[in-house]
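1. Need coordinates for the following:
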Amino acid sequence: MSTKGRLLFLLNDAPFFVTHRLSVATAARDAGWEVHIAVPYDEDAVATITAAGITHHDAPLARGGTNPLAEFKLMRAYWSLMRRIRPDLVHAVTMKPGAYGGAVARLLGVPALVIAVTGLGFLFLRDTAKTRILRWIVLTLYGFGLGHKNCRAIFQNPDDRALFEQHNLIGQTPVHMIRGCGVDLDTFAPTPEPEGTPVVVFPARLIDDKGIHEFLSAARLARQRGINARFRLVGRTDADNPTDVGEAMIRRWESGGLIEWQGFSSDMPAMFSQCHIVCLPSYREGLPRTLIEAAACGRAIVTTDVPGCREVARDGDNGLLVPARDGEATAEAIFRLVEDVELRRTMALRGRAIAEAEFSVELFVEQSLQVYDEVAP
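-> Numbering: from 1, shown residues only. From the prediction side, this is the model:
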């Protein structure tokens, strides 16, 4: 075993691990940890993970699934994996790994546990009988895991922390606020705006909860008013998410000339260099990396005044904040930036300064490793 012990990450998506946590995993490896990751298999992402010297374990996790048998299967898989590899530290990130993996780690007596709350998802955006039951189950499991005798909780925004405190889930567990997962400021560097018609980009999964319908409303209103702007979707559909829009719907919007669909981009700096405004009218976030990237690349932001989004975009400073689920307000903010070049440029400079001061990947890695040092057995 390595000098510090065995570290096991639990996550819900392998590409997400590569973009959001690989920097910490490789830094932990370099610091002396033997690093493992349990996450559903994805060919390209797993190739990147293993090339970095990290051991991958497949996990039977369906992100949007609610079938009790499937959820039990995931918990059993976590149980078997932890008994087999005997981690010294489990770092559970995102909802199901945090709730289920944290509970299993406590039951098995794993020496140290870190639970990172990176957003609360559709269960906390809808109020039906089903979501109320599921919320109770998830929060109960979170609370059990956070009761581990050697645990740390990480939150990305104060609203999520307040919700956990409201439900008495944290108790005596020490809490760390680590805002986002940082970006490489050399890779995500500012570039001049391109010439031509202003391009407004929606850089997210194509699901209701990211505000895609508000973005579409803005595109429709722009057409009605004769606003000279192009509206571009940069992201993938997500069949595992219950609010997925679906490719057929996107293709209809595209064929009607309302939007352009670029699909998933593996080169986000190049994507930002080809646009003028970044718009994410999400209903709730942990702390969206895509807005940090947009700020670092010097792009004005239109986003919602909701947890997570307002941690990056400050109204009138590096962006404009609008109410959630308000297509008209989203449109008006976009139109203001389309028509005011100087305002966009001022916001671009402020966004870069904020990214440099608060959201570097080096700061994120440093803060994460400090948490590991606190709980290391």
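
2. Give me the buried positions along the worst-scoring helix or strand of the chain on mean pLDDT.
-> One helix or strand of the chain scores below all others by mean pLDDT, DSSP states H and E: helix 129-146, with a mean of 86. For helix 129-146, burial by neighbour count (16 or more other CB atoms under 10 Å) applies to 131, 134-135, 138-139, 141-146. Every residue, glycine included, has its C-beta placed from N, CA and C.

3. same deal with stretch 174-189?
-> Residues of stretch 174-189 classed as buried: 176, 178-183, 185, 188 (neighbour count, 16+ other CB under 10 Å).

4. tell me the two of those that are most distant?
-> Greatest spatial distance among the buried residues of stretch 174-189 (CB to CB): His176 and Phe188, at 24.2 Å.

5. Need phi/psi at Ala112.
-> Main-chain torsions, Ala112, degrees, to the nearest 10: phi -150, psi 150.

6. Also Asp238?
-> Torsion angles, degrees, to the nearest 10, at Asp238: phi -140, psi 90.

7. Count the neighbours of it for me.
-> 20 (other CB atoms under 10 Å).

8. Likewise for Gln367?
-> For Gln367, the neighbour count with other CB under 10 Å is 16.

9. Tell me the pLDDT of it.
-> On the pLDDT scale, Gln367 is placed at 97.

10. From Gly235, how far out is Met268?
-> Met268 is 11 Å from Gly235, where distance means CB to CB, to the nearest Å.

11. shared neighbours, those two?
-> The contact sets of Met268 and Gly235 overlap at Pro203 (CB atoms under 8 Å, 6 or more residues apart in numbering).

12. rewinding a little: in strands only, show me the buried residues of stretch 174-189.
-> His176 (DSSP state E).

13. Tabulate the buried residues of stretch 174-189 (TSV), appending distance to Ser273 and pLDDT.
-> What follows is the buried residues of stretch 174-189, written out as TSV (distance: CB to CB, whole Å; pLDDT from 0 to 100):
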residue	distance to Ser273	pLDDT
His176	34	96
Ile178	28	95
Arg179	25	90
Gly180	21	87
Cys181	22	90
Gly182	20	91
Val183	15	94
Leu185	15	97
Phe188	10	97
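
14. quick one, what contacts the most centrally placed residue in the chain?
-> Geometric centre of the chain, nearest residue: Pro288, 5.0 Å, by CA atoms, centre = their mean. Shown in contact with Pro288 (CB under 8 Å, 6+ apart): 180, 204, 280, 282, 308-309, 312.
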